[in-house]
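A.B. asks: coordinates only, sequence not included:
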Ligand SMILES: O=P(O)(O)OC[C@H]1O[C@H](OP(=O)(O)OP(=O)(O)O)[C@H](O)[C@@H]1O
Ligand code: HPA
């Protein structure tokens, strides 16, 4: 797996340091508010698992699965709900946890949906932001790292379902896409 990587963009150690900072920031901000932390599957799974362990407050978690990429590296533009939340959002303070904002289509869809479901507040926390990919105007409230205009994999992010289990973020060698 590691020999298929052109470069490591963000090491495991750097990721973990940043997640500790983000967790501390969120703990401060949401003290006594019992937020609902919503992970967007599948990509956000490793980030969410590590982030909530760095949040030293009472919180609730729920998971939603959506997909807009299918087997491609280009967004289809259509967001499909594969698994919905189990929790009512009415009056809740929501923290959406994402692995990456690229075109912004997934998150703009979710923010609208959660407001429609009468959430009290909706905050976006993303591990990675790729501003060059943006198709809709949406900005995260908290970002781990800004990444360049390249297709990145690892730590939740996949290429055709592979590489999600890498502990770092990297860029694949071009020949991997030609297989
Ligand atoms: O800003 P966007 O262009 O919408 O891209 C971001 C979304 O794309 C990826 O999910 P994907 O649809 O590939 O599903 P996955 O998390 O199961 O891999 C990623 O996990 C984000 O949810
Ligand atoms: O760069 C990316 N890598 C993996 N999945 C993604 N989904 C949106 N952008 C990306």
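C.D. replies: Nice, thanks for sending it over. Just so we're clear, the structure is a prediction, and the values are computed from it rather than from any experiment. Numbering: from 1, shown residues only. Ligands and ions are numbered 1, 2, ... in the order given.

A.B. asks: When you work out contacts or count neighbours from here on, use the C-alpha atoms and nothing else.
C.D. replies: Will do.

A.B. asks: Do I have it right that residue 148 meets residue 128?
C.D. replies: No. The criterion here is C-alpha atoms under 8 Å, and residue 148 misses it with residue 128 at 10.0 Å.

A.B. asks: higher neighbour count, those two?
C.D. replies: residue 128 (21 against 14; other C-alpha atoms under 10 Å).

A.B. asks: what's across from the more buried one in the sheet?
C.D. replies: Beta bridges link residue 128 to residue 100, residue 145 when assigned by DSSP bridges.

A.B. asks: I figured it was touching residue 143, is that so?
C.D. replies: Yes. Using C-alpha under 8 Å, residue 128 is in contact with residue 143, at 6.3 Å.

A.B. asks: How many residues are close by the residue lying closest to residue 101 once chain neighbours are set aside?
C.D. replies: Excluding the flanking residues, the one nearest residue 101 by C-alpha to C-alpha, 6 or more residues apart in numbering is residue 129, at 5.0 Å. Residues lying near residue 129 (other C-alpha under 10 Å) number 25.

A.B. asks: got it, and residue 80?
C.D. replies: Residue 80 has 13 nearby residues by other C-alpha under 10 Å.

A.B. asks: same thing with residue 2?
C.D. replies: Neighbours of residue 2 under the rule other C-alpha under 10 Å: 11.

A.B. asks: Can you read off the backbone torsions of it?
C.D. replies: phi -70, psi -30 (degrees, to the nearest 10).

A.B. asks: Wait, the residue nearest to residue 101 touches residue 147, no?
C.D. replies: Yes. With contact defined as C-alpha under 8 Å, residue 129 counts as touching residue 147 (6.0 Å).

A.B. asks: Show me where the chain dips below the pLDDT cut-off.
C.D. replies: 69-77 (pLDDT under 70).

A.B. asks: how about the strands in it?
C.D. replies: Taking DSSP state E as the criterion, the chain contains strands spanning 5-10, 36-41, 60-67, 80-83, 93-101, 121-129, 142-146, 152-153, 169-172.
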